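Undergrad: Give me coordinates for this.
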Amino acid sequence: MKKINLLVAALLVSSGLFAQSKWRVDKAHAKVGFAVKHMMLSSVDGYFKKFEASIISSKEDFSDAVFEVTIETASVSTDNDARDKDLRSAHFFDVTKFPQIIFKSTSVEKVDDKTFKVAGNLTIHGVTKPVKLDLTLSRKTAAAKKPVMEVNVTGKINRTNFGVGSDPAAMIGNEITLKVNGEFEQE
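TA: Model prediction:
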């Protein structure tokens, strides 16, 4: 009986039923960014220079994928030193007390072959809230024959829900547009 169980387990593993694909971000070809209105007139774009991201899925269509992103808040950049210093301060991100922004998906809803709605928990400034993001995946094969996938994520959050900044919306918009894109390589 023990031999039969081992044989069945070996067949299941070799048939791919328990196979997981793991993907890591290629940081040279990725960006974690955001945009916010300033004075209700212009849009200020920013990004984070340091982050990690991964995708794990056991289904070919990624309908069971788990997306994880960890961002170092001190790496925020808007290409303006004075503004970046303010964003790092206790007035906004408080990077000493809250060094990371973390997102981990809780469910994936497939819209079509390349489009998904991803729900998950986003933690900013020590506050965790559920969010829903739009995601597109485009698979490619790199010249080195290693599978590569392009990932684009967009969504909107309200900064005040996370306790980030106390400036009125007339100065700095409450709605933050998230813009994440990059290439992921299969491990």
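Undergrad: close enough to count as contact, Ile176 and Thr160?
TA: No. Here Ile176 does not reach Thr160: they are 10.0 Å apart, not a contact under Cβ atoms under 8 Å. Just so you know, the C-beta spots here come from the backbone N, C-alpha and C atoms, and that holds for glycine as well.
Undergrad: beta partners for the most centrally placed residue in the chain?
TA: Residue closest to the mean C-alpha point of the chain, counted by Cα atoms, centre = their mean, is Val69 at 4.5 Å. Counting by DSSP bridges, Val69 is bridged to Ala53, Phe103.
Undergrad: And Val76, by the same measure?
TA: For Val76, the beta-bridge partners are Phe48 (DSSP bridges).
Undergrad: Enumerate the beta-bridge partners assigned to the closest residue to Phe184 other than its chain neighbours.
TA: Ranked by Cβ to Cβ, 6 or more residues apart in numbering and with sequence neighbours excluded, the top spatial neighbour of Phe184 is Trp23, at 4.0 Å. Beta-bridge pairing for Trp23 (DSSP bridges): Ile55, Gln186.
Undergrad: wait, isn't Trp23 in contact with Met149?
TA: Yes. Here Trp23 lies in contact with Met149, judged by Cβ under 8 Å, at a distance of 6.2 Å.
Undergrad: of the two, who's got more company?
TA: Remark: of Trp23 and Met149, Trp23 carries more neighbours, 23 against 18, as counted by other Cβ atoms under 10 Å.
Undergrad: what's the spacing between the more buried one and Thr154?
TA: The gap separating Trp23 from Thr154 is 19 Å, by Cβ to Cβ, to the nearest Å.
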